[in-house]
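In: Quick check, what structure comes out for this input:
(2 chains)
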Amino acid sequence: MVMQQSITPSARRKRTNKQRPESLLVIGVGNEYRSDDGLGICVLRTLRRRVNNDARMIELSGEGSSLMSAWSDAEHVLIIDAVVSGGPAGMLHRLDAKREKIPKHLFHSSSHTFGVGDAIELARDLDELPQSLILYGLEGESFEAGVGLSESVVRMVPDLIHLVERDIERLLRTESCS
Amino acid sequence: MKNRIIKVDQLARVEGEGAVFVKISEGKVTDVKFKIFEPPRFFEAFLRGRDYSEAPDITARICGICPVAYQMSAVTAMEDAFEIEVDGQLRELRKLLYCGEWIESHVLHIYLLHAPDFLGYEDALLLAKDQPDLVKKALRMKKIGNDLMTLIGGREIHPINVKVGGFYRVPTESELEKKLDELKWGLEGAIETAKLVNTFEFPDFEVDYEFVSLKYPHEYPLIGGRFVSSSGLDIAIREYEFHFEERHIPHSNALHSVEKGKGPYAVGPLARFNLSFDTLSETAKQVARDIGVAPVVKNPFKSIVVRAIETIHAYQEAIRIINQYEMPGQPSVEIQPQSGIGFGASEAPRGTLYHRYRVNDDGTILDAKIVPPTAQNQPTIENDLRLFVSANVDLPREKLTWKAEQAVRNYDPCISCATHFVTLEKE
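Out: Model prediction:
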């Protein structure tokens, strides 16, 4: 188990264009006291340090209706969570929720049964999805009570952060031109 | 009669994951296991050596649904150890924060987790396809609770504004008054909810429970008070472990709580309602009378109605607190750590949550004990399953399995609290 991943600065970009704070929301989902379930929280805290822009960043447990409430005033939403799909630990996922349905048990690692996937599909049915919603996941290895991410997850965290930062830049660039 | 095994490996729509195992031989229930899986009591161990001030924030992480319950039991236990009392507007603010948690947790359970059982839907997603306006209303009602938690707690999940002695920052009168319109809308919604869920069809099933809850003079139980029971127990919170104990059960990694000399007992909405009906808000009492729900409610399936009545109470209590609010001069009272043992308890949405801490004279935690509501209800849930399945063995397998799951959901079990984490077992 590793407490902190080391991330070399590769895409530390500052943004000065003023955005409405509601327009882009980044949500880290999970519980830092349950090993790899803490992924979303860990990544979000790292992004907060690295990305200086107007994207709003919040931590949530993954309870579905709270997620829906959180994104209700956002146009673009990025969600980061640990994943259990049976794939190899550290496997990276990026899903465009506007284009594809979320597999029912993919985001099962939160301890809540009305979870991330449920919230997205419920919002789709109620026509309450934001303009765009991207879901990032890393396949977790251990969800036991404890602090720190597994080695196999930590290894992939820089790639995940790069992916999220690329989308943040793209979305803010699009917003500032529109 | 055939031999049957009802097995639900992964229990849907409860907080966390659990498993139900019921064995039927020759038409009789011969074995019942409501399995929950507990690794070493991580959080209790994790707290050792930490500063007293960290207890509310660390224990809040045990559950995403009832962080305020963990914080309130933790801070009142520490304040007990340091012999200080937090009252007046600071206590009212704590209750207001807790009302937010009751609203969001109860509404979530009523509409998104429990109502689908009664309405014949597999889950809330299917309910939403048929009745989108009902689900939208539920989400708005729940959001009012979340918003209260965000305003007072600093954020809605794992609030960060709570500390031993009070808060880091208290809201202004005008910040709270802005919430009144939505709370009044929510109150009406809760009244309609109670009337709606009371029309559901309930199995003819009653159990003579030993109910246990906190009781407070002139207040519906929420923070502190005394432990009382339907058989006449009336003890201080610090006496809890003289009367209740946790036992290791081979099939479950969680500890089973029992009342010494008596056995299983039930905590939660039914216990509070039956033991403290008179202190519900006036509207909650009136609606209960109007729909014909009065103590003693012994049908666990009717917990959904009682939860709705408690939701009315929570909205009305929130409105009362805001109307009477005067911003305190100081956000917290001063703390002087001292060595000792502190005991705290509060009423989480799903039942009583007990904390005990031993601290040294600089406020370092030497040991901690946490007894969550679901651990206390676990033997009662198994009893319900045994009785309910025994009385319904002739139902088709699929229907009986669903009903067994529903019997567990009656308790809104927060299995992740009771187990601190759960893994899925497949046989």
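In: residues touching the spatially most central residue of chain B, list them.
Out: The centroid of chain B falls nearest to residue B:350 when counting by C-alpha atoms, centre = their mean (1.8 Å). Neighbour list for residue B:350: B:66, B:105, B:267-269, B:373-374, B:377, B:411-414 [criterion: C-beta atoms under 8 Å, 6 or more residues apart in numbering or on different chains]. Yep, even glycine has a C-beta here, placed from its N, CA and C like the rest.
In: quick one: pLDDT of it?
Out: Looking at residue B:350, its pLDDT reads 94.
In: for residue A:64, same thing?
Out: 84.
In: how much space between it and residue B:196?
Out: 22 Å (C-beta to C-beta, to the nearest Å).
In: More neighbours: those two, which one.
Out: Neighbours were counted for residue A:64 and for residue B:196 using other C-beta atoms under 10 Å in any protein chain shown; residue A:64 has more, 27 against 17.
In: so residue B:372 sits right up against residue B:355, yeah?
Out: No - the pair residue B:372 / residue B:355 is not scored as a contact, 9.8 Å apart, by C-beta atoms under 8 Å.
In: quick one: which of the two has more around it?
Out: Shown here are residue B:372 and residue B:355; by other C-beta under 10 Å, residue B:372 has more neighbours (33 against 30).
In: Which residue, other than its chain neighbours, is closest to residue B:81?
Out: Closest residue to residue B:81 apart from its sequence neighbours, by C-beta to C-beta, 6 or more residues apart in numbering or on different chains: residue B:342 at 2.8 Å.
In: The one you found sits in which helix or strand?
Out: Using DSSP states H and E, residue B:342 maps to strand B:340-348.
In: Give me the distance between that strand and the centre of its chain.
Out: Centre-to-centre, strand B:340-348 and its host chain are 15 Å apart (C-alpha atoms, centre = their mean, to the nearest Å).
In: Pull out the buried positions in stretch A:83-99.
Out: Neighbour counts over stretch A:83-99 (16 or more other C-beta atoms under 10 Å in any protein chain shown) mark A:83-85, A:89-91, A:93, A:95, A:97 as buried.
In: Rank these by pLDDT and give me only the lowest.
Out: Taking these together, the minimum pLDDT is found at residue A:85 (77).
In: Now do the SS call for that one.
Out: Applying DSSP: H, G, I helix; E, B strand; the rest coil to residue A:85 yields a three-state assignment of coil.
In: Also residue A:137?
Out: Residue A:137 ends up strand, using three-state DSSP.
In: correct me, but it touches residue A:87?
Out: No - using C-beta under 8 Å, residue A:137 is not in contact with residue A:87; the gap is 9.6 Å.
In: Just want to check the distance between the residue in chain A positioned nearest to chain B and residue B:313.
Out: Closest to chain B within chain A is residue A:61: 2.8 Å, counting by C-beta to the nearest C-beta. Distance from residue A:61 to residue B:313, counting by C-beta to C-beta: 25 Å.
In: Show me where the chain has its strands.
Out: Answering for chain A, as no chain was given. Secondary structure of chain A by DSSP state E: the strands cover A:24-29, A:56-60, A:76-83, A:92-96, A:132-139.
In: could you do chain B instead?
Out: Under DSSP E, chain B gives strands at B:4-8, B:19-25, B:28-35, B:162-163, B:166-167, B:212-215, B:226-229, B:234-236, B:244-249, B:252-259, B:340-348, B:351-359, B:365-371.
In: Mind telling me which of the ones you listed the model trusts least?
Out: In terms of mean pLDDT, the lowest-scoring of these is strand B:4-8 (a mean of 62).
In: Which strand residues bridge residue B:255?
Out: Per DSSP bridges, the residues bridged to residue B:255 are residue B:248.
In: okay, now it: neighbour count?
Out: 20.
In: Also residue B:332?
Out: 18.
In: so it makes contact with residue B:165?
Out: Yes - applying C-beta under 8 Å, one finds residue B:332 in contact with residue B:165, separated by 4.0 Å.
In: what residues are shared contacts of those two?
Out: Contacts common to residue B:332 and residue B:165, judged by C-beta under 8 Å, 6+ apart, are residue B:86.
In: now, among the contacts of residue B:350, which is nearest to residue A:71?
Out: Using C-beta to C-beta, residue B:105 comes nearest to residue A:71 of the contacts of residue B:350, at 20.5 Å.
In: Poorly predicted segments of chain A, please.
Out: A:1-22, A:52, A:104-113, A:175-178 (pLDDT under 70).
In: who in it is up against chain B?
Out: Within chain A, the positions near chain B by C-beta under 8 Å from any C-beta of the partner chain are A:31-34, A:58-66, A:68-69, A:72, A:110-114, A:118, A:121-122, A:125-126, A:143-147.
In: Narrow the residues you listed to those in helices?
Out: A:64-66, A:68-69, A:118, A:121-122, A:125 (DSSP state H).
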